[in-house]
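**Q** quick check, what structure comes out for this input:
(3 chains)
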Amino acid sequence: MRTATTAPERVGHAVFVTFVTLAYVFLMAPIVVVVLASLNAGNYLKFPPEGLSLRWYATFFHSAPFLNAMAVSLRVAVIATILSTIIGTLAAVYYTRFTTWGRQTLRMVMIAPMLLPEVLTAIALLLYYYVIGLGTQTLIGLQIGHVLVTMPYVFLNVTANLGNLDPALEEAARSLGASPAAAFSRISLPLMKQGVVNGAMFAFIISFDLFSISLLLKGVDTVTLPIQLFDYLQWNFDPTAAAVSTMSILVTLTVVLLTDRFVGLRTVRF
Amino acid sequence: MNQAIGRIVLTAPRRRAAGRWRWLLILPALLLVLLFLGVPYLNIVVMSFRTPSTGAPYAPGFTVASYAKALSDPLYLGILWRTLRISVLVTALCLLIAYPVSYHLARTRSRFRGLLFACILSPLLVGVVIRCYGWIILLANNGLVNVTLRQWGLIRRPLPMLNNEFGVTLGLVHIYLPFMILPLLGAIQGINPSLEEAARSLGASRIWVMRHVVWPLSAPGVQSGTVLVFVLSVSSYVTPVVLGGSRVQMMAPIVVQQLDEAFLWPFGTALAIVLAITGGLSVVAWFRITQRLFKGAL
Amino acid sequence: MTALAIEGLRKTFRDAQKGRHVHAIDTIDLHIQSGEFVSLLGPSGCGKTTTLRCIAGFETPDDGAIRFDGTDVVHTPPERRDIGLVFQNYALFPHMTVAENVGFGLQMRKVKKADARQRIAAVLDMVQLSDMGGRYPRQLSGGQQQRVALARALVIEPRILLLDEPLANLDARLRDEMRFFIRSLQQRLGITTIYVTHDQAEAMVMSDRIVVMFGGLVSQFDTPETIYGRPASRQVADFVGLSNFIPGRITGREGGTRLLVETGLGVLKCDCKRPPVTHGRAMIVLRPEVISIAPAPPDVPPGTIDNLFPAEVRERHYLGHATDYRVACRDGSVLQVLGGAMDEVVPGREVWCSFPPDRSWLIPVLPGAAP
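**A** Have a look, this model is predicted:
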């Protein structure tokens, strides 16, 4: 877009570029700061930091509540991912293949858990669990909440993936002698892989970072990592929290990089 | 020929024997959403009309007392007003920041394009609590910003940036900015760049082109981005609690407090529904406004 | 021997927007001989693709029969029809190599591995892609993908080969090449082939016979020569090649087949075996290259040259292999003439046009239609 420009336009362009740069700084600053703070050697969050150290990571690895919370979070996220991937994928296959009427309605119903405010859903589930007697003694209620909220991400990813599949591919397989079932399993299923894995990735990340539902539906002694961090931050400001945050970011990052490595990331759409 | 196929919905019967069991595919998802979303939401609507009680969460019988209280108590009306005010501000600021960023990213041919896109997405991959924590580190009295400003001699006493509306607004803008950028990016990428070049070739200035070509054509992105950010802000929980403390009370934390700590179920749910309805009406009003603002473009 | 018979085929679709039924195919009858190459030619929406999809088994006709070698297959699913199908966008499986794509049909037929390998190698050799077996479709050019699609359809040795606008996505040069490639391959294998296209030149070059379709109906089913030289209707003449139409009235007969037609250019002579019988009104079809023009009247006694009339040159466009003239006749009608480049024939100049009666054709004028 290098076109002839006048002086005021050059100034305007400079202002524009500066503004955009600052916006990126704004977006990244809090995350970068957390990671840097976790490497701080001092006792308090101070700037400039008093040298580099991994001592806060050591604290994290010796902190039973945080380790416990990390384990709970990972377990909840893995179970939620598996269940919502199965449920969401089946729904997406039905939606793209077999719905003839009420398509829009079905789509809205499927993504409603994503569209409705999470806090409201958490409240609704909390009271519902009390009313039906499920309560929050066990993690079952929380787990269902996580599956509910993550399922739409799988549904949307797989739907987009299947929608992009050329229907001629299955027809080609049929013309070559494949039964409808064989055409689906040999052609569409392998080509769906990327959508399914991307959906699963989103499900994991969303579940791993989910807050309101985890807060309201938490068990008596079992909390997930975001909640443990939140509680900790009410009273403490030492860099342990930064180390925990960085660990959490690393978990998410690993999942994203693994996904990218094995199936590639699709453009994210909202 | 293919166009003709595209226009016409094929109704040729493709049902075979297996077709009878197809609905099993959708059943788990449907049950999940209906049983754990539909029924619970219905339940809170019913709950908001229950009679409040002191010993138990609610007493038998139905009443609108909770709504009367929610809509007459100046304390709650004040919190509702603050919630809406902050949400509108957050939405406006997000739009202001996101638009140039989206335009730049949509049109740039830089080889760092992928990296910039990752920068926009990465905040979404980091939990809200962690991002709020980052702002605490930055904005605290002995945080990075205050320390730096003091070192430069610009201020003598630290600027209060936490536990006030400034901190909450800043945090919310940061957390919801990607939700504004992504729809805008999609909308602007959908505008053919030759339209801008055509306008420029006809003698239009850059600013005129932005105002009269790009902006109206990006209307759908503006609309969905603003609605998304507004809805998310109105119902935000973590940010007001972490960055606003007890001094900046917003609706979602109050609702949770009524339910989870005070066990005032009918009142808490009534507050939640008041919040949902106010938010919903605001969105409807905003749709009307944008429709008029963008006239034909939407 | 009839390899494919289509009898009374009908298919309607429901137009979702207008909420009414649209005839995609409105009664079609076709009998295609074994080893024949037949093109379905027509504009968008004429029903040619629907017909092909009915033959392939992806659409169930509302009515009528489709017979492969005498057996009705209307209720046979596509996978048991033993057809080879080539799609417009090739529909190669992106997650399989070229060899796996080609071998898919053999695998479905449970052909032994070693046997399959041999057949894949043979067919890839035939489409000149011997060394591409290990590549993925996205690593191939459009023309190569096209040939893989062809190989995949041919390797199963289908009863009938169906091609749905297979050359539409190729550039002009490659398209020309592929026309001859596909045709010579088809002739070598002697496989019955149905070819859907909207490109009349393609249909002309490749086909034994052409089915010209309009609005779900067959307008003409004949050899390329007949369709070009003796089109059944104005629609066909318009769609296949360039034409001049001279309206007139049949006034008499000369000899066995020569008809006298009274037109704005005088009485013209026209050879037509089956004269259209519609109140005497008819339309002479003249292909632009049939008319010859000369800068001066021929030096022979009047009446020795048939169909001679004066005109004035209006436009002249050099096309390379020919020159395109537009000449205005005395009655105001403008004719298109393709001829050699003549320096003296410039716009504004009077010329003499003529055409031989045996290279013109008469088509009926429907009652009520504008003459």
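
**Q** how about the residue nearest to the spatial centre of chain C, what does it touch?
**A** Nearest to the mean C-alpha position of chain C, counting by CA atoms, centre = their mean, stands C:Ala203 at 3.6 Å. Taking CB atoms under 8 Å, 6 or more residues apart in numbering or on different chains as the contact definition, C:Ala203 lies against C:Ser39, C:Leu41, C:Tyr195, C:Thr197, C:Ile210, C:Pro224, C:Val240. For every residue, glycine as well, the C-beta is placed using N, CA and C.

**Q** give the closest residue to it in space, chain neighbours not counted.
**A** Counting by CB to CB, 6 or more residues apart in numbering or on different chains, C:Ser39 is the residue found nearest to C:Ala203 once chain neighbours are left out, at 3.9 Å.

**Q** same deal with A:Phe262?
**A** A:Phe262 sits nearest to A:Val197 (CB to CB, 6+ apart), 7.0 Å away.

**Q** for that neighbour, give me its contacts.
**A** A:Val197 is in contact with A:Thr259, A:Phe262, A:Val263, counting by CB under 8 Å, 6+ apart.

**Q** which of those are buried, as a PyMOL select command?
**A** A single PyMOL command selects the buried members of the contacts of A:Val197 (16 or more other CB atoms under 10 Å in any protein chain shown):
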select buried, chain A and resi 259+263
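
**Q** any chance of TSV for the contacts of A:Val197, columns secondary structure and pLDDT?
**A** What follows is the contacts of A:Val197, written out as TSV (DSSP: H, G, I helix; E, B strand; the rest coil; pLDDT from 0 to 100):
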residue	secondary structure	pLDDT
A:Thr259	helix	89
A:Phe262	helix	86
A:Val263	coil	83
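
**Q** looking at the contacts of A:Val197, which one is closest to chain C?
**A** Nearest to chain C among those, counting by CB to the nearest CB, is A:Val263 at 11.5 Å.

**Q** before we move on, back to that, against A:Ala23, how distant is the residue nearest to the centre of chain C?
**A** When distance is defined by CB to CB, to the nearest Å, C:Ala203 is 58 Å away from A:Ala23.

**Q** what's downstream of the host helix or strand of the residue nearest to the centre of chain C, the next helix or strand?
**A** According to DSSP states H and E, C:Ala203 maps onto helix C:200-206. Sequence order places strand C:209-214 as the next helix or strand after helix C:200-206, per DSSP H and E.

**Q** now the following helix or strand past that following strand against strand C:209-214, angle please.
**A** In the C-terminal direction, the helix or strand that comes right after strand C:209-214 (DSSP H and E) is strand C:217-222. On the basis of axes from the mean of the first three to the mean of the last three CA atoms, to 10 degrees, strand C:217-222 is oriented at 160 degrees to strand C:209-214.

**Q** direction included, what does strand C:217-222 pair against?
**A** Applying DSSP bridges to the sheet, strand C:217-222 is found paired with strand C:209-214 (antiparallel).

**Q** in a helix, the residue nearest to C:Ala203, correct?
**A** No: if the criterion is DSSP: H, G, I helix; E, B strand; the rest coil, then C:Ser39 is strand and not within a helix.

**Q** which strands and helices sit next to the host helix or strand of A:Ile82?
**A** In this assignment (DSSP H and E), A:Ile82 forms part of helix A:64-98. Other elements packing on helix A:64-98 under the criterion 3 or more CB pairs under 8 Å, 6 or more residues apart in numbering or on different chains; DSSP states H and E are helix A:55-62, helix A:103-115, helix A:140-164, helix A:189-209, helix A:225-235, helix A:240-262, helix B:27-33.

**Q** for the next helix or strand after the third one, buried residues please.
**A** The first helix or strand that comes after helix A:140-164 along the chain, using DSSP H and E, is helix A:167-175. Buried residues in helix A:167-175, counting neighbours by 16+ other CB under 10 Å, are found at A:Ala168, A:Leu169, A:Glu170, A:Glu171, A:Ala172, A:Ala173, A:Arg174, A:Ser175.

**Q** secondary structure class for C:Val74?
**A** Once three-state DSSP is applied, C:Val74 turns out coil.

**Q** list the contacts of it.
**A** For C:Val74, the contact set (CB under 8 Å, 6+ apart) comprises C:Thr60, C:Pro61, C:Gly64, C:Ala65, C:Ile66.

**Q** the residues you listed: which two are farthest apart?
**A** Pairwise distances across the contacts of C:Val74 peak at 12.3 Å for C:Thr60 and C:Ala65 (criterion: CB to CB).

**Q** confidence score at whatever residue of the stretch 151-270 of chain A ends up closest to chain B?
**A** For the stretch 151-270 of chain A, the residue closest to chain B is A:Asp209, as judged by CB to the nearest CB, at 3.7 Å. pLDDT, A:Asp209: 92.

**Q** mind showing which ranges of the chain have poor pLDDT?
**A** You didn't pick a chain, so chain A it is. A:1-5, A:44-49, A:266-270 (pLDDT under 70).

**Q** that was the other one, I meant chain C.
**A** In chain C, residues with pLDDT under 70: C:15-19, C:274-279, C:366-371.

**Q** what residues does it put near chain A?
**A** For chain C, the residues in contact with chain A (CB under 8 Å from any CB of the partner chain) are C:56-58, C:77-85, C:87, C:89, C:91-95, C:104-105, C:108-109, C:152-153, C:156, C:162.

**Q** filter these to the buried ones?
**A** Among the residues of chain C next to chain A, those scoring as buried are C:56-58, C:78-79, C:81-85, C:87, C:89, C:91-93, C:104-105, C:108, C:152-153, C:156, C:162 (criterion: 16+ other CB under 10 Å).

**Q** which of the residues you listed fall within helices?
**A** Of those, the ones assigned to helices by DSSP state H are C:Ala56, C:Phe104, C:Gly105, C:Met108, C:Arg152, C:Ala153.

**Q** start and end of stretch B:55-66, how far apart?
**A** 17 Å (CA to CA, to the nearest Å).

**Q** tell me the buried residues in it?
**A** Neighbour-count burial for stretch B:55-66, counted by 16+ other CB under 10 Å, picks out B:Pro57, B:Tyr58, B:Ser66.

**Q** excluding chain neighbours, what is closest to the first one?
**A** Of all residues beyond its chain neighbours, the one nearest B:Pro57 is B:Trp265 (4.2 Å), with distances taken as CB to CB, 6+ apart.

**Q** what sits against the one you found?
**A** Contacts of B:Trp265 (CB under 8 Å, 6+ apart): A:Leu127, B:Met47, B:Arg50, B:Pro57, B:Tyr58, B:Leu259.

**Q** how near is it to B:Val64?
**A** Distance from B:Trp265 to B:Val64, by CB to CB: 15 Å.

**Q** repeat that for C:Tyr228.
**A** Distance of C:Tyr228 to B:Val64, given as CB to CB: 84 Å.

**Q** got it, and A:Thr99?
**A** A:Thr99 sits 40 Å away from B:Val64, taking CB to CB as the criterion.

**Q** also B:Ser205?
**A** Distance, B:Ser205 to B:Val64, by CB to CB: 58 Å.

**Q** again with C:Phe309
**A** Applying CB to CB to C:Phe309 and B:Val64 gives a distance of 95 Å.

**Q** C:Ile28 touches C:Lys11, doesn't it?
**A** No: in this structure, C:Ile28 is not within contact of C:Lys11 by CB atoms under 8 Å, at 9.0 Å.

**Q** shared neighbours, these two?
**A** With CB under 8 Å, 6+ apart as the test, C:Ile28 and C:Lys11 both reach C:Gly47.

**Q** which bits of the stretch 51-200 of chain C sit near chain B?
**A** Within the stretch 51-200 of chain C, the positions adjacent to chain B are C:Glu59, C:Thr60, C:Gln88, C:Glu165, C:Val196, C:His198 by CB under 8 Å from any CB.
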